[in-house]
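Q: Everything below, folded, please.
(one chain, ligands or ions: 1)
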Amino acid sequence: MVAGCTTKFGILPKTLAADGAYGKGEFLAWLETRGIDSYIPLRKHYASKSADHLYGIDHFAYNPGTNSYECPEGKELKYIGIKAAVNKSYLYRSTPAKCRNCPRKSECTTGRFKQLVIHVDEAARQRANQRTLQPAFFRHQCERRKVEALFGQLKNQIGLRRLRLRRLKYVREQFLIAATAQNLKRLVRYLTTRSPLEAGGRDLRLLIRCLRIRNRQLPSLGPIQSIWG
Ligand code: SF4
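A: Presented below is the predicted three-dimensional model:
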């Protein structure tokens, strides 16, 4: 959708907010390559619930010279290779001999030795994770909810869970009718929650224009006072 937005309308978003389902390493790295700042919660990478209490990557120090990690006990976890089957991850392992008598073993691993599974786009994941700590993250998430609430209303209240017709032009038509109904509902709610004096001249002009259109198309509907309640 982001790529389509660029090719169709020639605009590239500077930021993107989404829910945690989109917080995958590949997608975060893809956004980075296009210069888009993601405000998306990180999706867990290859972490089972039973491993939540065990040491994570933040307990290990990376050594770029040897491409290995050092555990809190000073033992080296060597690089094993890329494992495509595990979400394209780098594997680093200790050995049973290193971990056997470790006093922290129960906090570190449930196996015979520790294995770190690190996403190939871990750097992009970490940068995205840093952004989730900024105040801008919460602002973007609030903005996202405003948009998603409209889709939720379309599905749950207006009933746009299923499309009745096939072919794109009919689907577009059905969606536009539903969106029009939704906008009318919102307009009525907006106008009725404010008194005419509060609404001011701008809203009054908008209201009068709406009523003119409405009365022209539906002459049997009530006068202005009915909308103001
Ligand atoms: S269990 Fe192994 S990897 Fe974990 S802290 Fe102990 S020695 Fe290090």
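Q: Return the mean pLDDT over the longest helix seen in the chain, rounded to an integer.
A: Secondary structure of the chain per DSSP state H: the longest helix is helix 168-192. Averaged over helix 168-192, pLDDT sits at 90.
Q: From what I see, residue 77 and residue 90 are in contact.
A: No - the pair residue 77 / residue 90 is not scored as a contact, 10.8 Å apart, by CB atoms under 8 Å. Every C-beta, even on glycine, is put in place using the N, C-alpha and C of the backbone.
Q: Comparing these two, which residue is more hemmed in?
A: Between residue 77 and residue 90, counting by other CB atoms under 10 Å, residue 77 is the more crowded of the two (23 against 17).
Q: distance of residue 114 from the ligand?
A: As judged by CB to the nearest ligand atom, to the nearest Å, residue 114 and the ligand stand 4 Å apart.
Q: Determine the number of other residues adjacent to that residue.
A: For residue 114, using other CB under 10 Å, the count is 26.
Q: for the one 3 residues further on, same thing?
A: Burial measure for residue 117: 17 neighbouring residues, criterion other CB under 10 Å.
Q: need the residues of this structure near the ligand, please.
A: With CB under 6 Å from any ligand atom as the criterion, the chain meets the ligand at residues 71-73, 75, 94, 98-99, 102, 104-105, 108-109, 114.
Q: Save those residues as a markdown table, and put in secondary structure and pLDDT too.
A: A markdown table is the format used below for the residues of the chain next to the ligand (DSSP: H, G, I helix; E, B strand; the rest coil; pLDDT from 0 to 100):
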| residue | secondary structure | pLDDT |
| --- | --- | --- |
| 71 | coil | 93 |
| 72 | coil | 92 |
| 73 | coil | 92 |
| 75 | coil | 93 |
| 94 | coil | 94 |
| 98 | helix | 93 |
| 99 | helix | 93 |
| 102 | coil | 92 |
| 104 | coil | 91 |
| 105 | helix | 91 |
| 108 | helix | 91 |
| 109 | coil | 91 |
| 114 | coil | 92 |
